[in-house]
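**Student:** Below is the sequence, then the predicted model.
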Amino acid sequence: MSRSVPHREGPVLALSGGIGGAKLVRGLSRVVPAGGLHVLANTGDDFEHLGLAICPDIDTLLYTLSGLSDPVRGWGRRDETWNFMAALAAVGGPTWFRLGDADLALHVERTRRLGIVSTIWPASDDPVRTRLHTRSGWLPFQDYFVARRCEPVVDAIDYEGCITARACRQALELLRDQTLRAVVICPSNPLLSIEPILAIPSLREALRNCAAPVIGVSPIIQGHAIKGPTAKLLRELDRPVDALEAARRYQGLLDGYILDTCDAALADEPAGGVRIEVAPILMDSLEGQERLARECLRCADVLAGESQRRVAVP
């Protein structure tokens, strides 16, 4: 891709789940002007535990953008303490889902700002709950993901409540905004993090009709998931485990899609009119996060420029 692409102004919307997507969101937050980045977060993982509203992906985004995330575990807060969990275990309480002491404070008081200038919106304020069908029947997401450590074989996934869920009003308004520079679908798990968002009909329709280029990033490199059970689930659902599978799943929504350089051989395969770009997408450093963020915006700017030129031709 040309390095002399004219820079475009305007807000950016990112669709993201937790750990993997949050890295690209962090990169975007450092290259998009302050206040210009808006994040639409997956809520399919949300559940109620110990009487508290737990929103794992939103919290991962909060901790990552505020510099509080644990770089070793990839989730939760760094330098966490576990006095609450020890006390809970002592009285025979449920300890299968771990809440650190500082993490617990956020669940108790969810309006805490943490000094973040980017906007994080839940995909919907209505319940949308991911559940997975196994030989034991339907399992709520956290039961499958945390309590059973993704071990059961999955043959179907459902996003309960998605059809009637009201999409985030601010996100719908932004998608209609003609100044929107780009929509970036982060390399989060397509099945568990992105598709619960896309399953909300009004959001999917707004994405399909938005004027801004929609850019996706592959969550698969050389047949392996960057993080989490993406590859396992795809195999169990009899889907290809390759770098283009997310592009297939987002068909009709994407304008551009970025593969890792290791998968460059796939760039020539038919992609339904989607521009395929190749770049390093493994974000193992802050520099890598910023580099991929710039690549996403550059791809969007190229596509926007080409669209404008086509419109101008009589």
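**Tutor:** Thanks, I have the structure now.
**Student:** Is Ala41 bridged to anything, and to what?
**Tutor:** Ser16, Pro122 (DSSP bridges).
**Student:** just checking, it touches Pro122?
**Tutor:** Yes: with contacts counted by CB atoms under 8 Å, Ala41 reaches Pro122, the gap being 5.7 Å. C-beta coordinates here come from the backbone N, C-alpha and C atoms, glycine included.
**Student:** more neighbours, the two?
**Tutor:** Ala41 (30 against 20; other CB atoms under 10 Å).
**Student:** tell me the contacts of the more buried one?
**Tutor:** 16-17, 55, 57-58, 61, 120-123 (CB atoms under 8 Å, 6 or more residues apart in numbering).
**Student:** just the helices in the chain please.
**Tutor:** 19-31, 56-65, 83-90, 101-108, 141-142, 169-176, 195-198, 201-209, 230-236, 245-249, 286-312 (DSSP state H).
**Student:** His133: which of the ones you listed is closest?
**Tutor:** Evaluated over the helices of the chain, closeness to His133 peaks at helix 230-236, with 10.6 Å, by CB to CB.
**Student:** Flag every buried residue along the closest one.
**Tutor:** 230-231, 233-234, 236 (16 or more other CB atoms under 10 Å).
**Student:** Of the residues you listed, which is the nearest to Pro11?
**Tutor:** Thr230 (28.7 Å).
**Student:** Not counting its neighbours along the chain, what's nearest the closest one?
**Tutor:** Nearest non-adjacent residue to Thr230, counting by CB to CB, 6 or more residues apart in numbering: Asn189, 4.8 Å away.
**Student:** how many other residues sit next to the one you found?
**Tutor:** Neighbours of Asn189 (other CB under 10 Å): 26.
**Student:** who touches it in this structure?
**Tutor:** 17, 20, 219, 225, 227-230, 233.
**Student:** Quick check: it vs Leu203, distance?
**Tutor:** 18 Å (CB to CB, to the nearest Å).
**Student:** same check, this time on Ile116
**Tutor:** Relative to Leu203, and taking CB to CB, Ile116 is found at 23 Å.
**Student:** which of these two has more neighbours?
**Tutor:** Between Ile116 and Leu203, counting by other CB under 10 Å, Leu203 is the more crowded of the two (23 against 18).
**Student:** List the residue ranges of the stretch 1-150 of the chain that fall below the pLDDT cut-off.
**Tutor:** Within the stretch 1-150 of the chain, the ranges that satisfy pLDDT under 70 run 1-7, 109-114.
**Student:** how about the nearest residue to Gly228 once chain neighbours are set aside, phi and psi?
**Tutor:** Computed as CB to CB, 6+ apart, the closest residue to Gly228 that is not its neighbour in sequence is Asn189, at 5.3 Å. Here is the backbone geometry of Asn189 (degrees, to the nearest 10): phi -60, psi 120.
**Student:** again with Thr81
**Tutor:** Given degrees, to the nearest 10, the pair of backbone angles that Thr81 has is phi -120, psi 160.
**Student:** Could you verify my assumption that it touches Leu99?
**Tutor:** No: if you go by CB under 8 Å, Thr81 and Leu99 don't touch, sitting 11.2 Å apart.
**Student:** Compare those two (neighbour count), which wins?
**Tutor:** Neighbour tally, Thr81 and Leu99, criterion other CB under 10 Å: the higher count belongs to Leu99, 21 against 12.
**Student:** How much space separates that one from Leu50?
**Tutor:** For Leu99, the distance to Leu50 - CB to CB - is 8 Å.
**Student:** residues near the closest residue to Gly100 other than its chain neighbours, how many?
**Tutor:** Leaving aside its sequence neighbours, Gly100 sits nearest to Glu80 (CB to CB, 6+ apart; 3.6 Å). Using other CB under 10 Å, Glu80 has 17 other residues around it.
**Student:** can you tell me how far Glu80 sits from Tyr63?
**Tutor:** 10 Å.
**Student:** what residues are shared contacts of the two?
**Tutor:** Asp70.
**Student:** Might you report the residue contacts of Gln289?
**Tutor:** So Gln289 contacts 23-24, 26-27, 30, 283 (CB under 8 Å, 6+ apart).
**Student:** Now restrict these to buried residues only.
**Tutor:** 23-24, 26-27, 283.
**Student:** Next, give me the two most distant ones among those.
**Tutor:** Arg26 and Met283 (8.5 Å).
**Student:** got a pLDDT number for the nearest residue to Cys150 once chain neighbours are set aside?
**Tutor:** Among residues not flanking Cys150 along the chain, Pro229 sits closest, at 4.4 Å (CB to CB, 6+ apart). We note a pLDDT of 94 for Pro229 in this prediction.
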